[in-house]
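1. curious how this folds, go ahead:
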Amino acid sequence: MATRAQLYKEILREYDSLRSQKAAQLRQRTEEVERRFPRLAQIREEMALAGVEAAKMVLQKPERVAEDVLALRQKQSALKEEKEAILALAGMSPAQLEMEYECATCRDTGFVDGQPCVCFKRRLMDKMYDQSNIRQILERENFDYYDLSLYSQQKVEREGISPRDNAGKILRRGLAFVENFDRGGENLLLYGPTGLGKTFLCSCIAKELLDRGKIVLYLTAGQLFRRLEEIRFSHEEDSEREDWDRELLEADLLIIDDLGTEFPTLFTATELFRIMNDRKLAGKSIIISTNLTPEQMKEQYSDRIISRIQEYSILRFFGEDVRLVKRRRR
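-> Down below sits the predicted model:
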């Protein structure tokens, strides 16, 4: 998975390619019309020389600058009118012999006054969707498809609530997490058996925040720790490691799905605590989903990690596997 810095570089290369493509198209249009109307080529050259003439006037006859500049402007105006008349005969507008841009705001550079343009942010968002491998998933796993009817209405005595009422509470907490996201700092732990909607809720939240232009890193625990091992123990450039560390810290939201399925080692435990601690200090949110119970987590992870997790908002999923419910409905 590419880091944000790598995606930035990729997008900038795309803008370079786009500008080159547009310039080539302009040259082709210009050459075609100038073959039909050779006078247009002469006008283009004369107008290009106008700047040189102006500089010579200032150097050679500074006392006549005002008069000479006025004459030059009149000449340029006459050339422009002649050009427009020729183009009108060809059924063309002057704009067709000017550079075309996909984004007129930034002129296909991606930046306006040193800040990313809206089109740049849109490209970045698209790439975040694509590289997260969740674009197609999010088309069907989002809050619009959150179906509470998949959960039983029968009260579970030891829980004091039905699975459906519990799922409704979890849904409201997920929506509130999104709505209050910019206030910062909240973390979620989703736990319970498989097939109860933990990953689905992660997808719902990810889509809402991605659609709002947030940077979301969505990784399974296996993907996260495999990638960290690759960059820690390989010969990759230091910049690669720095980019990943920066991404893990600076992403608006980090989602770690299926924590506990990774092979537990001192390395994974150390990296998990580092990520959780660094993001806490930076005021950045994490969502963790796991099939482990709190007791099982205490057995697998260090006291430092458990201490961090206990600070999270904990959402417990229970009930029947919704995948079985769906099969019975078919």
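
2. look up how far residue 174 lies from residue 202.
-> Residue 202 sits 9 Å away from residue 174, going by CB to CB, to the nearest Å. C-beta: built from backbone N, CA, C; applies to glycine.

3. quick one, strands of the stretch 1-150 of the chain?
-> 111-112, 115-116 (DSSP state E, counting those that start in this stretch).

4. state the mean pLDDT of the last one.
-> Just to be clear, that refers to strand 115-116. In this model, strand 115-116 carries a mean pLDDT of 88.

5. and the first one, by the same measure?
-> For strand 111-112, the mean per-residue pLDDT is 93.

6. given it, what are its sheet partners and their directions?
-> Using DSSP bridges, strand 111-112 pairs in its sheet with strand 115-116 (antiparallel).

7. longest helix anywhere in the protein?
-> helix 4-36 (DSSP state H).

8. in it, what's buried?
-> Under the neighbour-count criterion of 16 or more other CB atoms under 10 Å, helix 4-36 has 4-8, 11, 15, 18-19, 22, 30, 33-34 buried.

9. which other helices and strands contact it?
-> Judged by 3 or more CB pairs under 8 Å, 6 or more residues apart in numbering; DSSP states H and E, the packing partners of helix 4-36 are helix 38-60, helix 118-131, helix 238-250.

10. is residue 18 in contact with residue 102, as I believe?
-> Yes. Contact criterion CB atoms under 8 Å: residue 18 and residue 102 qualify, at 6.5 Å.

11. pull up the overlap in contacts between those two.
-> By CB atoms under 8 Å, 6 or more residues apart in numbering, residue 18 and residue 102 have these common neighbours: residue 108.

12. tell me how far residue 243 lies from residue 191.
-> Per CB to CB, residue 243 is found 31 Å from residue 191.

13. more crowded one of the two?
-> Each of residue 243 and residue 191 has its neighbours counted (other CB atoms under 10 Å); residue 191 has more, 23 against 19.

14. OK, contacts around the more buried one?
-> Per CB under 8 Å, 6+ apart, neighbours of residue 191: 198, 289-294, 314-317.

15. just residue 30 next, same as before
-> For residue 30, the contacting residues are 44, 97, by CB under 8 Å, 6+ apart.

16. the one 4 residues further on now?
-> The contact partners of residue 34, taken as CB under 8 Å, 6+ apart, are 40-41, 44.

17. can you put the residues you listed in JSON lines and add distance to residue 50, neighbour count and pLDDT?
-> Shown next, in JSON lines, are those (distance: CB to CB, whole Å; neighbours: other CB atoms under 10 Å; pLDDT from 0 to 100):
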{"residue": "40", "distance to residue 50": "16", "neighbour count": "19", "pLDDT": "84"}
{"residue": "41", "distance to residue 50": "15", "neighbour count": "14", "pLDDT": "85"}
{"residue": "44", "distance to residue 50": "11", "neighbour count": "15", "pLDDT": "82"}
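
18. which among those gets closest to residue 262?
-> Minimum distance to residue 262 across these is 64.3 Å, recorded for residue 44 (CB to CB).

19. show me what contacts the closest one?
-> Residue 44 is in contact with 30, 34, counting by CB under 8 Å, 6+ apart.

20. what separation do you get for it and residue 288?
-> 63 Å.

21. kindly report the same for residue 190.
-> The gap separating residue 190 from residue 288 is 7 Å, by CB to CB.

22. kindly report the same for residue 220.
-> In this structure, residue 220 and residue 288 are 11 Å apart, going by CB to CB.

23. okay, and the common contacts of those two?
-> Overlap of the contact sets of residue 220 and residue 288 (by CB under 8 Å, 6+ apart) consists of residue 256.

24. of those two, which one has the most company?
-> Neighbour totals were compared for residue 220 and residue 288, and residue 288 leads with 26 against 17 (other CB under 10 Å).

25. so that one touches residue 201, yeah?
-> No. Between residue 288 and residue 201 there is no contact under CB under 8 Å: 11.9 Å.

26. anything in contact with each of these two?
-> With CB under 8 Å, 6+ apart, residue 288 and residue 201 have common neighbours residue 190.

27. what residues are up against residue 175?
-> residue 143.

28. please renumber so the chain begins at 156
-> Got it, the first residue is 156 from now on, which makes the last one we talked about residue 330.

29. pLDDT below threshold where in the stretch 306-455 of the chain?
-> 389-395 (pLDDT under 70).

30. show me where it has its strands.
-> Going by DSSP E, counting those that start in this stretch, the stretch 306-455 of the chain shows strands at 343-346, 371-375, 408-414, 440-445.
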